[in-house]
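Peer 1: quick one: sequence and predicted model below, then my questions.
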Amino acid sequence: MRQFQDRLGRSAVELLTDIRMSLVVNGLKEPAMTVKVVAGSVGYRSVSVFRRVFTDRMGMTPGQWRRLAREREWRRFVCGITHE
């Protein structure tokens with residue numbers, strides 16, 4: 001564990017959480033996928049635990065993130081923006 005921490009600068013649990021969150025943000029972009037389904041797809045059995053971890057990592061709830069992502073996509077579509 002110490003070697004992992006020394007080499008990567010973070011724990012294995014932190015790395016796993018980062019990987020899960022990167023997968024989650026893609027799932028939350030899909031309107032048909034519920035937060036429960038997205039959480040389960042990356043191994044969370046409890047939606048409440050998932051929401052807490054997501055909020056701690058991302059600074060907002062999964063629902064807030066989803067709304068913000070939709071607004072960004074809408075602006076890109078309407079304004080013809082190809083990058084931010």
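Peer 2: Structure's in. What do you need? What you see is a predicted model, and the numbers here were worked out from it, not measured in a lab.
Peer 1: where are the low-confidence patches of this structure?
Peer 2: Along the chain, segments meeting pLDDT under 70 span 81-84.
Peer 1: how about the strands in it?
Peer 2: Counting by DSSP state E, the chain yields no residue ranges for strands.
Peer 1: now do the helices in it.
Peer 2: All helices of the chain, identified by DSSP state H, fall at 2-8, 12-28, 35-41, 47-58, 62-79.
Peer 1: highest mean neighbour count across these, which stretch is it?
Peer 2: Among the helices of the chain, ranked by average contacts under mean count of other CB atoms under 10 Å, first place goes to helix 35-41 (a mean of 17). C-beta: built from backbone N, CA, C; applies to glycine.
Peer 1: could you check how far stretch 3-19 is from the centre of its chain?
Peer 2: Relative to its chain's centre, stretch 3-19 lies at 17 Å (CA atoms, centre = their mean, to the nearest Å).
Peer 1: contacts for it?
Peer 2: Among residues not part of stretch 3-19, those counted as contacts by CB atoms under 8 Å, 6 or more residues apart in numbering are Met1, Val53, Arg57.
Peer 1: next one: the closest residue to Pro31 other than its chain neighbours from Thr34, what distance?
Peer 2: Leaving aside its sequence neighbours, Pro31 sits nearest to Arg70 (CB to CB, 6 or more residues apart in numbering; 8.0 Å). Using CB to CB, to the nearest Å, Arg70 is found at 15 Å from Thr34.
Peer 1: please apply the same query to Asn26.
Peer 2: In terms of CB to CB, Asn26 sits 15 Å off from Thr34.
Peer 1: over to Trp65?
Peer 2: Going from Trp65 to Thr34 by CB to CB gives 14 Å.
Peer 1: same check, this time on Arg51
Peer 2: In terms of CB to CB, Arg51 sits 12 Å off from Thr34.
Peer 1: try Gln5
Peer 2: Gln5 is 35 Å from Thr34, by CB to CB.
Peer 1: same question, Arg10
Peer 2: Arg10 sits at a distance of 30 Å from Thr34 (criterion: CB to CB).
Peer 1: then Leu16?
Peer 2: From Leu16 across to Thr34, the span is 23 Å (CB to CB).
Peer 1: cool, Leu68 as well?
Peer 2: Taking CB to CB, one finds Leu68 at 18 Å from Thr34.
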